[in-house]
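In: this one's structure only:
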């Protein structure tokens with residue numbers, strides 16, 4: 001190792017060239033990556049010889065996401081993925097995978113600031129609800145239709161609030177969400193906060209049935225607002241106070 005000198009260059013297994021800029025001893029060598037970042041790391045001589053140096057700006061998720069330099073890691077002491085990394089890698093994958101697995105993410109993208117895992121993980125720490133059990137990362141409630149996942153469009157919300165805004169599906173495109181035919185009339189089906197589906201019957205028209213469905217969903221919104229109150233992002237509170245029932249199924253003709 002004594003033969004190593006400042007200015008010497010080595011190749012890494014990731015395909016980068018690093019140059020020694022400050023050799024102190026065999027276990028304390030500062031190198032600089034020969035790329036646009038000019039990142040400097042302190043490494044050991046054995047790492048140089050084996051090429052076992054990881055460029056923190058090398059894309060590791062979908063050719064875009066990189067780990068960056070900072071305190072946040074992909075795995076904890078238990079060898080399991082950290083929550084921050086799981087959320088980040090999952091988000092990058094769903095937005096940029098090209099095999100059609102995630103149709104709901106079609107045309108969605110991630111703010112380039114969040115290509116850096118450290119930036120995303122740091123943002124998480126400051127979000128209300130991030131460390132609450134059962135709270136989920138969501139874009140649609142606060143983004144007003146934006147396709148971009150970013151610090152300005154994303155929030156954490158309880159699972160039941162997320163489900164409330166997602167609405168219910170109805171495969172019959174001639175009927176509004178939550179409304180189904182039954183005999184000669186119409187029925188309303190939905191959980192509305194219960195563990196199993198609730199059913200309301202006896203409606204002569206789909207319009208009357210949908211009014212009942214909307215009424216129950218608005219009651220649910222009011223109940224969730226009372227339950228979580230100030231724990232929520234102000235944008236979510238505003239949406240719950242002025243709740244509009246999402247009509248994901250059919251529409252009135």
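Out: Everything's here; your move. What you see is a predicted model; the values in this text were computed from it and never measured.

In: Helices of the protein, residue ranges please.
Out: Per DSSP state H, the chain carries helices over the ranges 45-50, 83-96, 117-125, 140-143, 159-166, 206-228, 234-241.

In: Could you list the low-confidence segments of the stretch 101-250 of the chain?
Out: Scanning the stretch 101-250 of the chain for pLDDT under 70 picks out 167-171, 173, 246-250.

In: Just the pLDDT at the nearest residue to residue 89 once chain neighbours are set aside, thanks.
Out: The shortest distance from residue 89 to any non-neighbouring residue, by Cβ to Cβ, 6 or more residues apart in numbering, is to residue 61 (5.1 Å). All C-beta atoms are positioned from the backbone trio N, CA, C, and that covers glycine. Looking at residue 61, its pLDDT is 96.

In: Run through the bridge partners of residue 61.
Out: For residue 61, the beta-bridge partners under DSSP bridges are residue 65.

In: ok, it - how many residues close by?
Out: If you count neighbours by other Cβ atoms under 10 Å, residue 61 ends up with 19.

In: same thing with the one 10 residues further on?
Out: Other residues lying near residue 71 total 7 when counted by other Cβ under 10 Å.

In: cool, residue 121 as well?
Out: If we define neighbours as other Cβ under 10 Å, then residue 121 has 23 of them.

In: Residue 5 too?
Out: Using other Cβ under 10 Å, residue 5 has 8 neighbouring residues.

In: Not counting sequence-adjacent ones, nearest residue to it?
Out: residue 23 (6.4 Å).

In: Quick check: beta-bridge partners of the one you found?
Out: residue 29.

In: which parts of stretch 27-41 are buried?
Out: 29, 30, 31, 32, 33, 39, 41 (16 or more other Cβ atoms under 10 Å).

In: end to end, how far does that stretch reach?
Out: 12 Å (Cα to Cα, to the nearest Å).

In: Name the residues that touch it?
Out: 4, 9-10, 16-24, 42-45, 48, 53, 55-57, 69 (Cβ atoms under 8 Å, 6 or more residues apart in numbering).

In: check contacts around residue 58.
Out: Counted by Cβ under 8 Å, 6+ apart, residue 58 has contacts 14, 16, 66.

In: Let me see the confidence value for it.
Out: For residue 58, pLDDT reads 95.

In: how much space is there between it and residue 97?
Out: 19 Å (Cβ to Cβ, to the nearest Å).

In: same deal with residue 220?
Out: Distance, residue 220 to residue 97, by Cβ to Cβ: 34 Å.

In: Which one of those two is surrounded by more residues?
Out: A count of neighbours by other Cβ under 10 Å puts residue 220 above the other of residue 220 and residue 97, at 22 against 13.

In: so what's the more buried one up against?
Out: Contacts of residue 220 (Cβ under 8 Å, 6+ apart): 164, 192, 193.

In: how much space is there between the nearest residue to the last one once chain neighbours are set aside and residue 188?
Out: So that's residue 193. Leaving aside its sequence neighbours, residue 193 sits nearest to residue 220 (Cβ to Cβ, 6+ apart; 5.1 Å). As judged by Cβ to Cβ, residue 220 and residue 188 stand 13 Å apart.
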